[in-house]
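sequence-free structure coming up:
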Ligand SMILES: Nc1ncnc2c1ncn2[C@@H]1O[C@H](COP(=O)(O)OP(=O)(O)OP(=O)(O)O)[C@@H](O)[C@H]1O
């Protein structure tokens, strides 16, 4: 279970963008979070992924309250998550070849021995051929880079996936391919999912349950 309990968060304590929001996702469940641009969905997703410390409230991850965020999160809690953001170019180190980008979490956690095996499994899963794996981000399309970012999110076999507008910049066929990769991973691993977006049709087709921002108990006016 991933529980967000009474979360208040933002960038200025006097004007929180997320106000007293509670959301529970059962193990293995896929929840879609819908809302208009700027309401605070990404901020909440970052709190859920332990990337942003809330001003108030608690994240409880598989029964354990989270006490630290970002680099202060415990390694076990940090690696429980795979996160994919909207803009792959902002979340990919431009110096890294795609193969190194995908396997970077294995290097960061001292699991170098797993690199060849995981790369050989994941590259075809996300539809990246050998030639693309040796290119750097500026040599591939947004869709190809997002495929690599999804592979990176899966490389440590996370129990939770946070997809923040993962497909917003992609065409319909790449969107369908990446959603299928996430769903296949969830079927095989039992991972839970929080998928943030503003495309109701996509989220309702993708997720077990879709919640609207207004239902979360946040005034969420974005300022
Ligand atoms: N790093 C930041 N510093 C200051 N304000 C920010 C920062 N990131 C987001 N905001 C502000 O917080 C509010 C909520 O932003 P957030 O990105 O969480 O919304 P969102 O619902 O995900 O929007 P979108 O769908 O456009 O991504 C917005 O008013 C935004 O301008």
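Perfect, I can see it now. Computed from a prediction, not measured in an experiment: that's the story for all the values here.

What is the burial count for the residue nearest to residue 147 when sequence neighbours are not counted?
Distances taken as C-beta to C-beta, 6 or more residues apart in numbering place residue 126 nearest to residue 147, at 4.2 Å, with adjacent residues excluded. Heads up, the C-betas are built off the backbone N, CA and C, glycines and all. Counted with other C-beta atoms under 10 Å, residues neighbouring residue 126 total 21.

From the ligand, how far out is residue 126?
For residue 126, the distance to the ligand equals 23 Å [C-beta to the nearest ligand atom, to the nearest Å].

how about the residues of the protein near the ligand?
11, 17, 35, 37-43, 198, 222-223 (C-beta under 6 Å from any ligand atom).

go with 8 Å
Residues of the chain lying close to the ligand by C-beta under 8 Å from any ligand atom are 10-12, 17-18, 35-46, 86, 164-165, 196, 198, 213, 222-223.

So which of the residues you listed sit within helices?
Counted as lying in helices by DSSP state H, out of the residues of the chain next to the ligand, are 41, 42, 43, 44, 45, 46.

The fourth one: neighbour count?
In other words, residue 44. So residue 44, with other C-beta under 10 Å, has 29 neighbours.

next one: the fifth one
Residues lying near residue 45 (other C-beta under 10 Å) number 22.

Spit out the contact partners of it.
Residues in contact with residue 45 (C-beta atoms under 8 Å, 6 or more residues apart in numbering) are 33, 162, 164, 194, 196.

The fourth one pairs with what?
Which is residue 194. Legend: beta-bridge partners of residue 194 under DSSP bridges are residue 31, residue 162.

any chance you could map the strands in the chain?
Counting by DSSP state E, the chain has strands at residues 2-9, 18-25, 30-34, 56-61, 64-65, 81-84, 160-164, 192-197, 209-212.

so how far is the last one off the chain centroid?
By that I understand strand 209-212. Centre-to-centre, strand 209-212 and its host chain are 17 Å apart (C-alpha atoms, centre = their mean, to the nearest Å).

can you check the fifth one too?
Centroid separation between strand 64-65 and its chain, computed with C-alpha atoms, centre = their mean, is 20 Å.

For the lengthiest helix in the chain, name the packing helices and strands.
When the chain is scanned for its longest helix (criterion: DSSP H), the result is helix 172-189. With contacts taken as 3 or more C-beta pairs under 8 Å, 6 or more residues apart in numbering; DSSP states H and E, helix 172-189 sits against helix 115-126, helix 142-154, strand 160-164, strand 192-197, helix 200-206.

Any buried residues in the second one, and which?
Okay, so that is helix 142-154. For helix 142-154, the neighbour count (16 or more other C-beta atoms under 10 Å) marks 143, 144, 145, 146, 147, 148, 149, 150, 151, 152, 153, 154 as buried.

Read off the pLDDT value for the fourth one.
What the model reports for residue 146 is a pLDDT of 97.

try the last one
In the prediction, the pLDDT value recorded for residue 154 is 98.

again, but for residue 178
At residue 178, the predicted lDDT confidence score is 97.

before we move on, what about residue 37?
For residue 37, the model assigns a pLDDT of 87.

count of neighbours near it?
Around residue 37 there are 9 residues (other C-beta under 10 Å).

The closest residue to it other than its chain neighbours and residue 87, how far apart?
Excluding its sequence neighbours, the residue lying closest to residue 37 (C-beta to C-beta, 6+ apart) is residue 198, at 6.6 Å. Noted for residue 198: a distance of 15 Å to residue 87, by C-beta to C-beta, to the nearest Å.
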